[in-house]
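1. Here is my input; please provide its structure:
(one chain, ligands or ions: 2)
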Amino acid sequence: MPIITDISKAVVLLKEGGIVAIPTETVYGLAGDALNIKAVAKIFAAKNRPSFDPLIVHVSGIEQAHSIAYLNELAIFLLEKFSPGPLTLVVPKKSVVPDLVTSGHPTVAIRIPNHPVALELLKESGLCIAAPSANPFGYTSPTTAAHVDEFLGSRIDAVLDGGACDVGIESTIIDLSGDTPKVLRLGGLPYEELTEVLGELPFQTSSSTPHAPGMLTSHYNPGISLRLFKSYSELLCEFNTTDTDRVGLLYSGKEIKANFAINLSREVVLVEIASKLFHALRSFDKTHIDVIWAHELPEVGLGMAINDRLRRAQS
Ligand code: TXA
Ligand code: MG
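-> Numbers count the residues shown, from 1 in each chain. Ligands and ions are numbered 1, 2, ... in the order given. Sure, this is the predicted structure:
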């Protein structure tokens, strides 16, 4: 499976019904033609993804979104305000969208990604592109072409390399199919930006429902157990008073001297932390540590989504 940079080559593969990992501003997605059932089936198979977990369909703009979904005024308003960007909307689907894409739900998740390569690919191909995160089911999402290659390389037709993803965590998902909008997943679009225009939003946080399996608690398994502290200072305090030879630290703040440590952001800048988080979690795999120690961040802005991912990575 080659890592490629030629967008036209990726377009050809997708039009032939192939599956290609593509960059987006959030994480890499495993792309296929959303209206081609065989391509969609290949996506599920490559990821080992259960068929009850529906896929996000990426479109080039609002006009293309109309071809697959019924958009009400609120949906159009939100797309105009926040797209292209890290926002996914769950809206009623049109019948052209195969049930396999939506796992039989009458709704479809749509997103306009804010990445020049993804947008160029969407425009050049004219396709609506189904793309879940390009990781095996249950594992951390990839933020570089090399991450994709490591776990899915042998199962897909190509990886289109567009560099490291800027945002680094998946899109925020809002369900607009009910009476009131609901948050299904916190993500790259900070919660407050949405509440500024929509007011406080209810969360559908239950991990028992298959409606949004991204909500499953074990969804971000980094492969090594992770202990989550309430704050940097709690982590530091425990670190200074315990035998920590085989502890890997994942923190943000003033430098801590340790055998295995990754400082995501000395100044605790949330966008910087989000963009480096998944890469950092993966890099501990190659060390000889027994456990990762990490800490929560303030529950504001991207901190909410980062804390959410860290909690899911706990074991
Ligand atoms: O940033 C992102 O959203 C990335 C990039 C590649 O776009 N994609 C991504 O896809 O994270 P995925 O498949 O890993 O997560 C999509 C989530 C899943 O939890 C799925 O259950 C939910 O979206 N979802 C998709 N369609 C849905 C629907 N019709 N109703 C409710 N949830 C849906
Ligand atoms: Mg995923």
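2. Helices along the chain, start to end?
-> Remark: helices assigned in the chain by DSSP state H are 7-15, 37-47, 62-68, 73-82, 99-102, 116-125, 145-152, 191-198, 232-240, 270-283, 302-313.
3. For the fifth one, name the packing helices and strands.
-> In other words, helix 99-102. helix 37-47, strand 107-111 (3 or more CB pairs under 8 Å, 6 or more residues apart in numbering; DSSP states H and E). Every C-beta, even on glycine, is put in place using the N, C-alpha and C of the backbone.
4. Specify the stretch among those that is closest to ligand 1.
-> Closest to ligand 1 of the helices and strands packed on helix 99-102 is strand 107-111 (CB to the nearest ligand atom; 3.4 Å).
5. Most tightly packed of the helices and strands packed on helix 99-102?
-> Of the helices and strands packed on helix 99-102, the one with the most neighbours on average (mean count of other CB atoms under 10 Å) is strand 107-111, at a mean of 26.
6. Please list the outside residues in contact with it.
-> Here strand 107-111 makes contact (CB atoms under 8 Å, 6 or more residues apart in numbering) with 54-59, 65, 68-69, 83, 87-94, 97, 101-102, 171, 173, 175, 177.
7. Pairing partners for it, with directions?
-> If you go by DSSP bridges, strand 107-111 pairs up with strand 56-58 (parallel), strand 87-92 (antiparallel).
8. want to throw the ones you listed into TSV with mean neighbour count, distance to I76 and mean pLDDT?
-> TSV is the format used below for these (neighbours: other CB atoms under 10 Å; distance: least, CB to CB, whole Å; pLDDT from 0 to 100):
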stretch	mean neighbour count	distance to I76	mean pLDDT
strand 56-58	27	17	98
strand 87-92	24	10	98
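9. Write out the residues of this protein neighbouring ligand 1.
-> 24, 26-27, 29, 53-56, 88, 90, 102, 105, 107-109, 111, 113, 131-133, 170-171, 173, 184, 211-214 (CB under 6 Å from any ligand atom).
10. contacting residues around V183?
-> Contacts for V183 (CB under 8 Å, 6+ apart) come out as T172, I173, I174, D175, Y191, L194, L201, P202, F203, Q204.
11. Quick check: bridge partners of it?
-> I174, F203.
12. Tell me the pLDDT of it.
-> On pLDDT, V183 comes in at 96.
13. and what of D166?
-> pLDDT, D166: 98.
14. The one 10 residues further on now?
-> Note for L176: predicted pLDDT of 98.
15. residue contacts, it?
-> Each residue near L176 by CB under 8 Å, 6+ apart is listed here: N72, L74, A75, L78, L89, V90, V91.
16. Show the backbone phi and psi for it.
-> Per-residue torsions, L176: phi -110, psi 10 (degrees, to the nearest 10).
17. quick revisit: kindly reformat the helices of the chain as a markdown table containing mean pLDDT.
-> Output for the helices of the chain, formatted as a markdown table (pLDDT from 0 to 100):
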| stretch | mean pLDDT |
| --- | --- |
| helix 7-15 | 98 |
| helix 37-47 | 98 |
| helix 62-68 | 98 |
| helix 73-82 | 98 |
| helix 99-102 | 98 |
| helix 116-125 | 98 |
| helix 145-152 | 96 |
| helix 191-198 | 96 |
| helix 232-240 | 96 |
| helix 270-283 | 96 |
| helix 302-313 | 96 |
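18. ok, the closest residue to Y191 other than its chain neighbours - contacts?
-> Distances taken as CB to CB, 6 or more residues apart in numbering place M304 nearest to Y191, at 5.4 Å, with adjacent residues excluded. Counting by CB under 8 Å, 6+ apart, M304 makes contact with L186, P190, Y191.
19. Tell me how far the residue nearest in space to the middle of the chain lies from E16.
-> By CA atoms, centre = their mean, the chain has its centre lying nearest to E170, at 2.5 Å. Note on E170: its distance to E16, by CB to CB, to the nearest Å, is 28 Å.
20. What count of nearby residues applies to the nearest residue to T5 once chain neighbours are set aside?
-> Of all residues not flanking T5 in the chain, D161 sits nearest, at 5.4 Å (CB to CB, 6+ apart). D161: 21 surrounding residues under other CB atoms under 10 Å.
21. and what of P84?
-> Quick note: P84 (other CB under 10 Å) scores 21 neighbours.
22. Format the helices and strands packed on helix 99-102 as JSON lines; extra columns: distance to D285.
-> Below are these laid out as JSON lines (distance: least, CB to CB, whole Å):
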{"stretch": "helix 37-47", "distance to D285": "19"}
{"stretch": "strand 107-111", "distance to D285": "29"}
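23. Could you break the protein into its assigned domains?
-> Domain ranges of the chain: 3-198, 225-313, per automatic domain parsing.
24. Now do the end-to-end distance for the last one.
-> Same thing as domain 225-313. 8 Å (CA to CA, to the nearest Å).
25. I'd like the distance from the residue of the chain most remote from its centre to ligand 1, if you could.
-> What lies farthest from the middle of the chain is T241; by CA atoms, centre = their mean that is 36.1 Å. From T241 across to ligand 1, the span is 39 Å (CB to the nearest ligand atom, to the nearest Å).
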